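1. Provided below for reference: sequence and predicted model.
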Amino acid sequence: MKGIVTATCISEKKGTRKHPVPSITLLENCGIIGDAHAVNADTPKLYRHRQVSLLAEESVDKMRALGMELNPGDFAENILTKGIELKSLPIGTIMSIGEAELEVTQIGKECHNDCEIKKLTGKCVMPTEGIFAIVRKGGTVKSGDHIII
């Protein structure tokens, strides 16, 4: 199964929309350099498996079809993809993206009440269609990189 990266995004603060960047650098067992969700000594064990978030462009397109103007990062995703139904990947799936290798650790998430994304859009697709992964092998990822399952 193959897909493509359509955008890479980071945020400096948790619970906010992310902003697109030309590329991201992933560190093994840590996450993305410069992103608020990168694992550090203060990260509770409960969240260490959510180093990188991914969302399919097709999921965002569902919201755009409702008349919403949405940009990469609006659902707080680090990697926006096209061509792979992410929510159907089993936990433990290994994917090669650019120079990096990720392992799927969680499908969806609970959306908290003061989530900026839900306030902005009225609905959030991340809880049901977004996925999370750990970094098994670090490297650079950019728009246009291939995703190989």
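-> Arrived safely, thanks for sending. Numbering: from 1, shown residues only.

2. okay, and for the protein, where does confidence drop off?
-> Counting by pLDDT under 70, the chain contains low-confidence residues at 41, 110-123.

3. Show me the helices in it, by range?
-> Here the chain has its helices, by DSSP state H, at 57-64, 116-121, 126-129.

4. who touches the first one?
-> What that stands for is helix 57-64. Helix 57-64 is contacted from outside by 6, 70, 74-75, 80-82, 85-87, 121, 123, 125, 129-130, using Cβ atoms under 8 Å, 6 or more residues apart in numbering. C-beta here means a position set from N, CA and C on the backbone, and glycine is covered the same way.

5. Tell me who's in contact with residue 92.
-> Applying Cβ under 8 Å, 6+ apart, we find residue 92 in contact with 103-104.

6. now it: how far from residue 59?
-> Residue 92 sits 21 Å away from residue 59, going by Cβ to Cβ, to the nearest Å.

7. Please report the distance of residue 62 from residue 125.
-> 7 Å.

8. between these two, which one's more packed in?
-> With neighbours defined as other Cβ atoms under 10 Å, residue 62 and residue 125 compare such that residue 125 has more, 23 against 13.
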